[in-house]
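**Student:** Need a 3D model of the sequence below.
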Amino acid sequence: CIIISLITMASEATEGQVPDVYGQLHPVETKDLIDRKQKEFEDELNKIPDEKKANAKVAEQKCPNVVTSDFKLMFLRCEVFNADVSTVHVGIVECC
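**Tutor:** Here you go, the predicted structure:
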């Protein structure tokens, strides 16, 4: 099934795991994993040219109590800790 294949490729955080009955993988969250992935996420955000992240800048200015590290962690969890630049682009468009 294509959906299971896409889900199983989600992230190195789930490498070696077997999908559950719904085809989902669940990483074991450790402080190290969270810290490392948040750093990768910030690095990916910094790769995006300013003109392409105008909406994200507006959101950070207008809603600083929403666009927090906890919010970014929630996004990372939804993406199974996949912080590559294409994921970040989609996240910015969908969240703003």
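
**Student:** For the rest of this, base every contact and every neighbour count on C-alpha atoms.
**Tutor:** Will do.

**Student:** Just the buried residues of the helix or strand hosting L76, please?
**Tutor:** If you go by DSSP states H and E, L76 is part of helix 69-78. For helix 69-78, a neighbour-count test (16 or more other C-alpha atoms under 10 Å) marks K72, L73, F75, L76, R77 as buried.

**Student:** Mind picking the lowest-pLDDT entry from the residues you listed?
**Tutor:** Across the buried residues of helix 69-78, the member with the lowest pLDDT is F75, scoring 82.

**Student:** ok, now how distant is that residue from G16?
**Tutor:** To G16, F75 is 22 Å away according to C-alpha to C-alpha, to the nearest Å.

**Student:** What of T30?
**Tutor:** In terms of C-alpha to C-alpha, T30 sits 16 Å off from G16.

**Student:** now swap in F41 and tell me
**Tutor:** Per C-alpha to C-alpha, F41 is found 22 Å from G16.

**Student:** The two - which one has more neighbours?
**Tutor:** Using other C-alpha atoms under 10 Å, the more surrounded residue of F41 and G16 is F41, with 23 against 9.

**Student:** Check whether that one really touches E79, as I assumed.
**Tutor:** No. If you go by C-alpha atoms under 8 Å, F41 and E79 don't touch, sitting 11.1 Å apart.

**Student:** Quickly list what's touching both of the two.
**Tutor:** Common neighbours of F41 and E79 (criterion: C-alpha atoms under 8 Å, 6 or more residues apart in numbering): none identified.
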